[in-house]
Structure formats: structure tokens, C-alpha cells
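Chemist: Attaching a predicted model along with its sequence, questions to come.
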Amino acid sequence: MGFTASWSTLLGELEELSDSATLITPLSHDRFTITDIQEQRVITRFQDKDIDPTQPLQREQFETLYERITDATGGFELDRLPPDADAYPAVWSLHPRFEIDEEQGVIIERDGPTSSQLVKTDPEEDVADADRTEPDLAVYADALLLVDALERHDVEYLEGMETPALVNIYTLLSDVQRNANELRQEVRSVLLDRLHHDQPVAGQYGSVQRTSRRNRSLKDEEEVIETMEAAGIDRERVTSVDSSKVDEALDVVEVAESEVYDIEESEYVRKAEVHDEQKETRLQGLKDQLAAAEGEEAEALQQEVEELEARIEELTEFNSGHSFHTQSNADP
């Protein structure tokens, strides 16, 4: 079968797609839909591109790729594609004789049945559900347990809750906070390479922007004093009592701590230990329960999630930030 016949077959396959059918590119894994089908080109619209998401795919480029695929032994290597061209093999994969093998990194012509890069065919499906997986993250497991605990207790009236229940919730809150902060820092390090100053990037639940901060720490004490003295500032004006040196002196003299420190004591709760086995048992039960959810129960859960997402999107408002200065080393 030559290119002309293959092109005609491909256009026929594209015509059969629903308006909401979504494909995914094999290299960048970008999602896109087909918005128009013409004899000389195919018009696509990408879901995640900020600038001009519409991209026309030209017939002559499809022909060039067709020749590369049919001439190659063992398939055409996808990493040989020009930049931003992996939508072409994704579309070609809809042809009944072409298939993308992501494990081998090739698009290949086959004689038998083939798979495609199509990830959505039913208009009622949510595109975001096409690749939903259970992440192997501590924060995910702890968050699931926390949601379960919050749903089983009346947390709007904490004073009326039993102590073990409060302990469980406090422990889970602590775990979620710690693990979420670790993951947030990892996400932040990746985002820093993708953001520019004063150019907010929006997502469904909010926006982020690259900012800068200025942290200060004094140079060597003697160097600072000499610099200030040279500028006409008396040594006494820039020297102060060092608490670490006071503590060292307290170890060797008979002076009460209260004579040199103003002391204020406060009470707080500290997590002593985590019962990992009990958490894992409860977590597995929740996973089994969620996996078994179907019918009206699953539909009701999905409706609640959609309503919550809609409320969050309505309430979320982003105010563009600016560079700021602080002496604190705390994370913003």
C-alpha cells in the first residue's frame, strides 16, 4: 500500500473519531485533539500549551514520516523526529497498520492488529482519568488515612472528641505536613527551571510565580567591627552579647540561668511514635473499599469530587507576587 492509499485510510480513521477523542504524543506525552480534517492537513489542538495550542499537521510531513517508517528495518526511531513533531506519529498510530512501541522508542508498520495513541473515545469520560494511578508516595497514603479519619469524626467540635481519636488525627496531620513539605520542595526545584520572574503560570487550583529573596548572615565578627570602626562607628555600638558564649560561661560559674535570661515556658504536643502496621492495615481497607465502589456509589463520589473542584476553582484567587527581602531562612 502506497502513501496515497494509506493517507486516505488515515483520513477515514480520523473522520470516525468523536470530537472529544484525545491522543497523546509518544515523546513529550502531550495531549491533543483533532479539530479539523482536510485533504492537505490535519488541525490539532493541544491541551497543555500556553501559547497558540493549535498546530496544523501538513500532508507532506506525514508523507515524509511514512517513507521513513516503511524504509526502516525494525521501525523508525522516534528520537530522530524534529522538535515538536511527535504529534505526527501519534496521528499515524490511528492507521490500522502503524503502531508506536514506546518501550523500543519506534513507530513501526505491522501486518496484524495494532494499538494507537488514543486515550479517550467516550465523550462522557474524563480525560484526567485516563492515566490515573495510585502514586507510591507517603503523603498520598497519609492523606487518604487523614480524610478517612476526618470523615468519621465530628472535627467541628474537637472538645467533644475522645482522646484516642484526637491523637490519631494529630499524628496524621503531622505526617501529612512533613511528607507534603518534602514533596513540595521537590516539585519546587523542578518548577524553578520552568518559571521566569514576574510571569505567573496558572493551573487549575492556583498560580505560581518565580520570586527572589535576600538572606543575610554576618561576616567574621572582627572583620565587621574593623569595617565599622574605619567608617567612624564605635566598637561598642555593633557588639552584642552572644548567647552561645553566655551558655559556655554559665557552665563554669555559679550564676543562675534566670539571672541572665528571661525565661518563658510553654506547653505543646509532640508526636511520640507512629503505628505503621495499623496505618497500613487501615489504608489497605480504604483502597479495597475505593476499588469496589461502583454504580450509584461511584457516581455520587465522582459528583462530590467535581463539585469540590468547582468550588475550589471559584474561590481560588492569585495575586501576582514580587521579589521580597527577609532575614529569615524559613521557606516562603
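Modeler: Cool, got the structure.
Chemist: Show me which positions of stretch 139-158 end up buried.
Modeler: V139, Y140, A141, D142, A143, L144, L145, L146, D148, A149, H153 (16 or more other CB atoms under 10 Å). (C-beta placed from N, C-alpha, C; glycine too.)
Chemist: Revised request: answer the last question for stretch 14-25.
Modeler: So for stretch 14-25, counting by 16+ other CB under 10 Å, buried means L14, L17, A21, T22, L23, I24, T25.
Chemist: next one: stretch 177-196
Modeler: In stretch 177-196, counting by 16+ other CB under 10 Å, buried: N179, A180.
Chemist: How far away from the center of its chain is it?
Modeler: 8 Å (CA atoms, centre = their mean, to the nearest Å).
Chemist: How about residues contacting it?
Modeler: Stretch 177-196 is contacted from outside by L137, A138, V139, D142, A143, V201, V208, Q209, R210, D331, using CB atoms under 8 Å, 6 or more residues apart in numbering.
Chemist: Please repeat the previous calculation with a cut-off of 10 Å.
Modeler: 135, 137-143, 201, 208-211, 271, 331-332 (CB atoms under 10 Å, 6 or more residues apart in numbering).
Chemist: next SSE after the host helix or strand of R68?
Modeler: Assigned by DSSP states H and E, R68 belongs to helix 59-71. Next in sequence after helix 59-71, counting helices and strands by DSSP H and E, comes strand 76-77.
Chemist: Can you name every helix or strand that the helix or strand following that next one contacts?
Modeler: Using DSSP H and E, the helix or strand that follows strand 76-77 in sequence is helix 87-92. Using 3 or more CB pairs under 10 Å, 6 or more residues apart in numbering; DSSP states H and E, the elements in contact with helix 87-92 are helix 3-15, strand 22-24, strand 31-37, strand 41-46, strand 54-58, helix 59-71, strand 98-101, strand 106-109.
Chemist: Tell me if I am right that A249 is in a strand.
Modeler: No - counting by DSSP: H, G, I helix; E, B strand; the rest coil, A249 falls outside a strand, being helix.
Chemist: show me what contacts it?
Modeler: By CB under 10 Å, 6+ apart, the neighbours of A249 are V255, V260.
Chemist: hmm, 8 Å instead?
Modeler: Per CB under 8 Å, 6+ apart, neighbours of A249: V255.
Chemist: pLDDT wise, what is it at?
Modeler: At A249, the model reports a pLDDT of 78.
Chemist: Check the one 10 residues further on too.
Modeler: The pLDDT attached to E259 in the predicted structure is 77.
Chemist: How about stretch 38-45, which residues are buried there?
Modeler: V42, T44.
Chemist: tell me what the helix holding R68 is packed against?
Modeler: Counting contacts by 3 or more CB pairs under 8 Å, 6 or more residues apart in numbering; DSSP states H and E, helix 59-71 is packed against helix 3-15, strand 76-77, helix 87-92, strand 106-109.
Chemist: show me what contacts A87?
Modeler: A87 sits next to L23, T25, D30, F32, T44, Q55, L57 when contact means CB under 8 Å, 6+ apart.
Chemist: go with 7 Å
Modeler: T25, F32, T44, Q55, L57 (CB atoms under 7 Å, 6 or more residues apart in numbering).
Chemist: center of the chain, which residue is that?
Modeler: Nearest to the mean C-alpha position of the chain, by CA atoms, centre = their mean, lies V187 at 6.4 Å.
Chemist: and the gap between V252 and R80?
Modeler: To R80, V252 is 74 Å away according to CB to CB, to the nearest Å.
Chemist: More neighbours: those two, which one.
Modeler: R80 (11 against 7; other CB atoms under 10 Å).
Chemist: Please give me every residue in contact with that one.
Modeler: R80 touches nothing, counting by CB under 7 Å, 6+ apart.
Chemist: what does the model give it for pLDDT?
Modeler: We have a pLDDT of 89 for R80.
Chemist: how about the nearest residue to M161 once chain neighbours are set aside, phi and psi?
Modeler: Nearest residue to M161 in three dimensions, chain neighbours excluded: H153, at 5.7 Å (CB to CB, 6 or more residues apart in numbering). Note on H153: its backbone torsions stand at phi -130, psi 150 [degrees, to the nearest 10].
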